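*Asks:* Pasting the sequence and the predicted model now:
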There are 4 protein chains.
Amino acid sequence: MNAVANEMEQCIDSCIACYRQCVQTAMHHCLETGGEHVTPHHFRLMMGCSEMCRTAAHTMLVGVENHGVVCGACSVLCADCAASCEGMDGMDDCARACRECAEICGRMAA
Amino acid sequence: MNAVANEMEQCIDSCIACYRQCVQTAMHHCLETGGEHVTPHHFRLMMGCSEMCRTAAHTMLVGVENHGVVCGACSVLCADCAASCEGMDGMDDCARACRECAEICGRMAA
Amino acid sequence: MNAVANEMEQCIDSCIACYRQCVQTAMHHCLETGGEHVTPHHFRLMMGCSEMCRTAAHTMLVGVENHGVVCGACSVLCADCAASCEGMDGMDDCARACRECAEICGRMAA
Amino acid sequence: MNAVANEMEQCIDSCIACYRQCVQTAMHHCLETGGEHVTPHHFRLMMGCSEMCRTAAHTMLVGVENHGVVCGACSVLCADCAASCEGMDGMDDCARACRECAEICGRMAA
């Protein structure tokens, strides 16, 4: 799999990890907890971020030359989602995955 | 469905139309024609563009506030794909769908 | 677009329509209404059904010979989602889209 | 993450691994090699299998009760794709990932 460089593999890993964390947390922790965890603002970010992470990973796997613009958009949604998760009960792992992905995608976008 | 404004509905329609056109053209016309139609550069753009269009539509359906950054990335991949399709045999409909989507997504991104 | 037969085009249309309806309804009507609309059972079905519809459409666009097994799985999730929507406030359009897609996909699966 | 049992986590891992392998192999090895690697039959299976694996993983992450029907459909496409990869130059890793995923998804479907 030497077609894809190391730095990109790490970014793909981070995007897939963030995707899994967001979907699983939203669909289990958030729905089961209710309250602020299912407010439109927060829940839409969880869904938008997970979708974008999955697609940023896909774009890099496909090998699109302009993957940087996709990673850049992903970085923005991850940062938005992290900000929404921070300080919310039981969302620490999700906030951390989003922050990390925002940073790594931000570097790919530069 | 008044939660989603008219301009956004039009952009969602355009993204879904471009997604369908790219997947169907790549998987039927390009694979059956072969030659330049299955070169890595062209085929990756077809796949990257279709994925990004599908996700831009999804992001708007979800109602993510920062959907503009996703539409912006989509506009770039659509323009790249249109440029690759133009002048290639039997790719006029696809080039047109990509150009239109690039333009409409570009306006959402502004 | 004669690569894809008429009956399949209709099934693709139905899958994409059901996908749009489920995502938009879940992310706007359900999240804004709250209560039973955001219970784990109902909301997971909305998300599972929309994803499966999107992928059944994709599988047919790709032209996979065994698309029938994918349409069959889609038909099951659509029927489950329709049953969950029926009788729930403001969910009539969504229930109808799911019932229709369950039936059309069921025919493709046969 | 105790909401998702061990056996399901293993199936999600296998689906994501097979998805990555199929997309990356199709978009790099197959497109760069050409010939039988880009025939419509083979390439459509690579794309259909990868999409279905991604969606089977998603369905389990979402926590849909009837995920078994989705895993069953995934198992069929994975077996089809494995059969197409076997004996084709440089496709051993992909065939193996598909065979493994077909088997694990088949168990979830039972």
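*Replies:* Thanks, I have it. Note that the structure is predicted; figures quoted are calculated from it, not measured.
*Asks:* Okay, now the unreliable bits of chain A?
*Replies:* Along chain A, segments meeting pLDDT under 70 span A:1-4.
*Asks:* and the longest helix along chain A, anywhere near chain C?
*Replies:* For chain A, the helix that runs over the most residues, judged by DSSP state H, is helix A:40-62. Yes. Using C-beta under 8 Å from any C-beta of the partner chain, a contact is recorded between helix A:40-62 and chain C, made by A:40, A:43, A:44, A:47. To be clear about C-beta, it is placed using only N, CA and C from the backbone, and glycine gets the same treatment.
*Asks:* next one: stretch A:72-91
*Replies:* No. In terms of C-beta under 8 Å from any C-beta, no part of stretch A:72-91 sits within range of chain C; the closest distance is 13.6 Å.
*Asks:* Convert the C-alpha atoms of that stretch to CSV, please.
*Replies:* Backbone C-alpha positions of stretch A:72-91 (Å, rounded to 0.1, in the frame of the first residue of the first chain) are rendered in CSV as follows:
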residue,chain,number,x,y,z
GLY,A,72,-9.9,21.7,5.0
ALA,A,73,-13.7,21.5,5.1
CYS,A,74,-13.5,18.5,7.3
SER,A,75,-11.2,20.4,9.7
VAL,A,76,-13.8,23.2,10.1
LEU,A,77,-16.7,20.8,10.9
CYS,A,78,-14.5,18.8,13.3
ALA,A,79,-13.5,22.0,15.2
ASP,A,80,-17.2,23.1,15.3
CYS,A,81,-18.2,19.7,16.6
ALA,A,82,-15.4,19.6,19.2
ALA,A,83,-16.5,23.0,20.5
SER,A,84,-20.1,21.7,20.9
CYS,A,85,-19.0,18.5,22.7
GLU,A,86,-16.6,20.2,25.1
GLY,A,87,-18.2,20.7,28.6
MET,A,88,-21.1,18.4,27.8
ASP,A,89,-21.5,15.3,30.0
GLY,A,90,-19.8,12.2,28.8
MET,A,91,-18.5,13.7,25.5
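*Asks:* ok, and does it reach over to chain D?
*Replies:* No. Using C-beta under 8 Å from any C-beta as the criterion, no contacts between stretch A:72-91 and chain D are found, and the smallest distance is 11.5 Å.
*Asks:* Buried residues, that stretch. List them.
*Replies:* A:72-82, A:84-85, A:88, A:91 (16 or more other C-beta atoms under 10 Å in any protein chain shown).
*Asks:* and what of stretch A:93-107?
*Replies:* Going by 16+ other C-beta under 10 Å, stretch A:93-107 has these buried residues: A:94, A:95, A:97, A:98, A:99, A:100, A:101, A:102, A:104, A:105, A:106.
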